[in-house]
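Asks: predicted model and sequence follow; I will ask about them next.
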There are 2 protein chains.
Amino acid sequence: MPIPILSCDRNSKEKYSRFLSGAREDLTTATNRVLPILEEVRTKGDLALFSYTEKFDGIKLDKLTIDPKTIQTNIDSLTKEAFLRAKSNIEAFHNAQKRESWTKTIDGNRLGVKYTPVPSLAVYAPGGKALYPSSVLMGIIPAKIAGVPRIQLITPPQKEGIPEILIWLAQILEIDRIVTVGGAQGIAAAAYGTESVPKSEYIVGPGNAYVAAAKSYLSGQGLIGIDSPAGPSEVCIIADGEANPKWIACDMLSQAEHGEDSSAILLTTDQTLAVRVRNELEIAFVERPKRLAMKQKAIYENSAILVFPSMNDCIWFSNELAPEHLEIQTKDNDSVFSKIEHAGSVFLGPYSPVAMGDYISGTNHILPTARGSRIYSSLGVDTFLKRVTFQEVTKESLETLYPFVKLMSELEGLDEEHGTSVKVRTKETK
Amino acid sequence: MPIPILSCDRNSKEKYSRFLSGAREDLTTATNRVLPILEEVRTKGDLALFSYTEKFDGIKLDKLTIDPKTIQTNIDSLTKEAFLRAKSNIEAFHNAQKRESWTKTIDGNRLGVKYTPVPSLAVYAPGGKALYPSSVLMGIIPAKIAGVPRIQLITPPQKEGIPEILIWLAQILEIDRIVTVGGAQGIAAAAYGTESVPKSEYIVGPGNAYVAAAKSYLSGQGLIGIDSPAGPSEVCIIADGEANPKWIACDMLSQAEHGEDSSAILLTTDQTLAVRVRNELEIAFVERPKRLAMKQKAIYENSAILVFPSMNDCIWFSNELAPEHLEIQTKDNDSVFSKIEHAGSVFLGPYSPVAMGDYISGTNHILPTARGSRIYSSLGVDTFLKRVTFQEVTKESLETLYPFVKLMSELEGLDEEHGTSVKVRTKETK
């Protein structure tokens, strides 16, 4: 049962519609389980954090936070070099996203936008097998560049202690607190604040269903801002006959490696490429059998190769899909990219596998999934900046504009006070 | 029972904490009532829209949409002049928010951001007494400037027909469809799409609790983007002894005019100003008795004058409050404003009452409430733009960076496929 190869045109809804459902994790069960945890942390603070950590992690903590500056780390030099190179590239890319406040004269008045950072951020880093130090860079660097003054790292405690790499990253990123509480209780600690854990206004970073449910619920309550809810990871690849089938198969398997619900969709005009990629996938399953069942389920059940009549049809489908990751491997990548409207992060040309952006090219890997790129962006400096708009109206302008405000406020039934608040400032009432 | 005057310092939590609760409308009841409506519209489409409109609005519609171009309107010239002046100012302010896509070389590779608009927008305009044509300008103009290609206006049908002013605005804003379905069913039509109503990916604009509940629920499902959930309207005013107490009282009453749950907070260092503003409020209640009970409830129960020892304390409290609207009327407004971190829209100086920004100065009046300006911005061009990030990695850079990607992916347990997807492109595997 190899990956399906489907000959499509724009009307073949019965073939492709299942890939456009925007599958999102159903968090109802997880939400019901985390609600009492959130309430307990809100009302009992630190006490609840100690008790949940003993219950869920089997660890009796002495204290809930660590100051990374006080801890000796011993990271080898190649690891340091790798993360420092990634840090430098991510900083360069995000520095280019900085915003300048501005002022402009409009109709005689001074108007403008002042950019200010959100006041605080917590970045969640999962523990155990799901240790993603790269996500710590991706979450913290844009916030640092936006100027967020208070940033803390939230991560579950480990029997063998917090991983050294996280502590070292907290050191080089100048984070002054690691909160060693995981799961929904860790999210609740940051959202509500406790005796030991200062409240954070924003929480980002990957986590399990309980972490996702807690973030989503607290965001819905208006308590915190969050990154867009993460669904399963996905890649869409647009390729023509010139593309390398083996490389494409590897890129599809990179997504499959994230989980059995991950998805990889190849869009091509070339039936031969389709067959070659299918063969390369089968070869790869033999050559690299680690997590085979998981990868096969992702490829066989949630992925597909769609063969369309023209490159424009491939582009059309990609825009419908609004994928998290989009690779373009054709003979004219810039032309294809110029027609792309919705995608989280785009990888152009044969030497840009998604893994390069996941780790080191500089773009952010915290991206909208489940067709979210139709309306949302990747994490960036803007995520942590707000536009404070302002105006200073002159006496002359107020006099000139008063008749219009009077008329408009009457039309809306708000003339008694709105209208009067302008009228009292005009000559006629002096 | 006049407005409370409270002498505070930063420790007087018992006096001011109730203003920092970020009161938000509880939408639970409304949500439970709208869920079956959403489901009915999702599954039955137009049929459900006709039937709900007859049931809730008492109107039997022939068709669900209007093409505003086909309708003759007769708007007087002063009204046209007012709205065209507002439109021109709002356009000027939002044009200044446009974004340029960019490309940059980082570590030898081409990286960049391409800004693309969200694909479609529905702007909700309430009907009946809550007719706010100004909000139609505020919702549509930023989207037009962002380049959103498909925009529709959703508004409840009226026995006497859709108000001419809305039709004329739809004409000058070049909107090609008015959907004459109100309430949760109108929101559902736009979110899911029906035979007559195309799906919109984004929905903004004010509405009653059912409209708010529908928007909030559908946004939580990942189906649509929305403006930040609107709570009761609020103003914070920072003033010193030089400010005009009568003008300040008018500005406070402008907010009170929105509803009994609205709030106006005056922060001052000057006890005399406090007493004078209180007196002016009482005089205003005598002079302008329209909606008296509502305004008095807002002022007496949800508003206050807080007298702090220093201007820095006033600024500190304003930043804690993160108000929707902030007026600064002091002898050095720019200096005060330079310390403001969180506010939706700021009004500087004696001639900048909030009403000027509500209608005509050019800033947007769709703003975060309930302390939301700590993390969210007003509606703007950015609301409707996404950052599509991209990268094109060179062969040389891939070769150079491969050892780092190998190391990082091993650390995250993703080397088998992530690592391989880079390795296969290096010389060593050719």
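Replies: Received, thanks.
Asks: please make it C-alpha for all contacts and neighbour counts, starting now.
Replies: OK.
Asks: contacts for stretch A:188-205, please.
Replies: For stretch A:188-205, contacts defined as CA atoms under 8 Å, 6 or more residues apart in numbering or on different chains pick out A:37-38, A:41-42, A:45-46, A:49, A:64-65, A:118-125, A:135-136, A:139, A:150-151, A:179, A:187, A:214-215, A:218, A:223-227, A:366, B:374-375.
Asks: give me the subset of these lying in strands.
Replies: A:T65, A:S120, A:L121, A:A122, A:V123, A:Y124, A:R150, A:I151, A:V179, A:G225, A:I226 (DSSP state E).
Asks: which one of those is nearest to A:Y402?
Replies: Nearest to A:Y402 among the ones in strands among the contacts of stretch A:188-205, counting by CA to CA, is A:G225 at 38.5 Å.
Asks: which ones are touching that closest one?
Replies: Residues in contact with A:G225 (CA under 8 Å, 6+ apart) are A:E201, A:Y202, A:I203, A:S219, B:I375.
Asks: among those, which one lies nearest to A:W168?
Replies: Relative to A:W168, the closest of the contacts of A:G225 is A:I203; by CA to CA it sits at 20.9 Å.
Asks: checking my notes, the closest one in a strand, right?
Replies: Yes - checked against DSSP: H, G, I helix; E, B strand; the rest coil, A:I203 lies within a strand.
Asks: export the ones in strands among the contacts of stretch A:188-205 to CSV and tack on pLDDT and distance to A:E164?
Replies: Output for those, formatted as CSV (pLDDT from 0 to 100; distance: CA to CA, whole Å):
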residue, pLDDT, distance to A:E164
A:T65, 97, 15
A:S120, 97, 24
A:L121, 98, 22
A:A122, 98, 19
A:V123, 97, 17
A:Y124, 95, 16
A:R150, 97, 22
A:I151, 98, 19
A:V179, 97, 15
A:G225, 92, 29
A:I226, 92, 27
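Asks: can you put the residues you listed in TSV and add distance to B:I360?
Replies: Formatted as TSV, the ones in strands among the contacts of stretch A:188-205 follow (distance: CA to CA, whole Å):
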residue	distance to B:I360
A:T65	50
A:S120	34
A:L121	36
A:A122	39
A:V123	41
A:Y124	43
A:R150	37
A:I151	39
A:V179	48
A:G225	31
A:I226	33
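Asks: now, which of these sits nearest B:S409?
Replies: Using CA to CA, the ones in strands among the contacts of stretch A:188-205 come closest to B:S409 at A:Y124, 19.3 Å.
Asks: what bridges to that closest one?
Replies: Note on A:Y124: beta-bridge partners A:I154, judged by DSSP bridges.
Asks: what's around it, how many residues?
Replies: 28 (other CA atoms under 10 Å in any protein chain shown).
Asks: wait, what's in contact with the spatially closest residue to A:E392 that is not a sequence neighbour?
Replies: Nearest non-adjacent residue to A:E392, counting by CA to CA, 6 or more residues apart in numbering or on different chains: B:L348, 4.7 Å away. By CA under 8 Å, 6+ apart, B:L348 lies in contact with A:F390, A:Q391, A:E392, A:V393, B:E327, B:I328, B:Q329, B:N333, B:D334.
Asks: kindly reformat the residues you listed as TSV containing pLDDT, neighbour count and secondary structure.
Replies: Converted to TSV, these look like this (pLDDT from 0 to 100; neighbours: other CA atoms under 10 Å in any protein chain shown; DSSP: H, G, I helix; E, B strand; the rest coil):
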residue	pLDDT	neighbour count	secondary structure
A:F390	98	28	strand
A:Q391	98	28	strand
A:E392	98	25	strand
A:V393	98	24	coil
B:E327	98	29	strand
B:I328	98	26	strand
B:Q329	98	25	strand
B:N333	98	18	helix
B:D334	98	13	helix
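Asks: those into TSV, with extra columns for distance to A:E164?
Replies: Shown next, in TSV, are these (distance: CA to CA, whole Å):
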residue	distance to A:E164
A:F390	46
A:Q391	50
A:E392	52
A:V393	56
B:E327	49
B:I328	49
B:Q329	52
B:N333	49
B:D334	47
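Asks: how about whichever residue of the stretch 1-150 of chain A sits closest to chain B, nearest residue that isn't a chain neighbour?
Replies: Closest residue of the stretch 1-150 of chain A to chain B, CA to the nearest CA: A:A82 (4.7 Å). Nearest residue to A:A82 in three dimensions, chain neighbours excluded: B:F404, at 4.7 Å (CA to CA, 6+ apart).
Asks: tell me which element that neighbour falls in.
Replies: helix B:395-411 (DSSP states H and E).
Asks: who touches that helix?
Replies: Contacts to helix B:395-411, defined as CA under 8 Å, 6+ apart, come from residues A:78-79, A:81-83, A:131, A:134, A:351-352, A:355-356, A:359-360, B:107-109, B:415, B:418-419, B:422-423, B:425-427.
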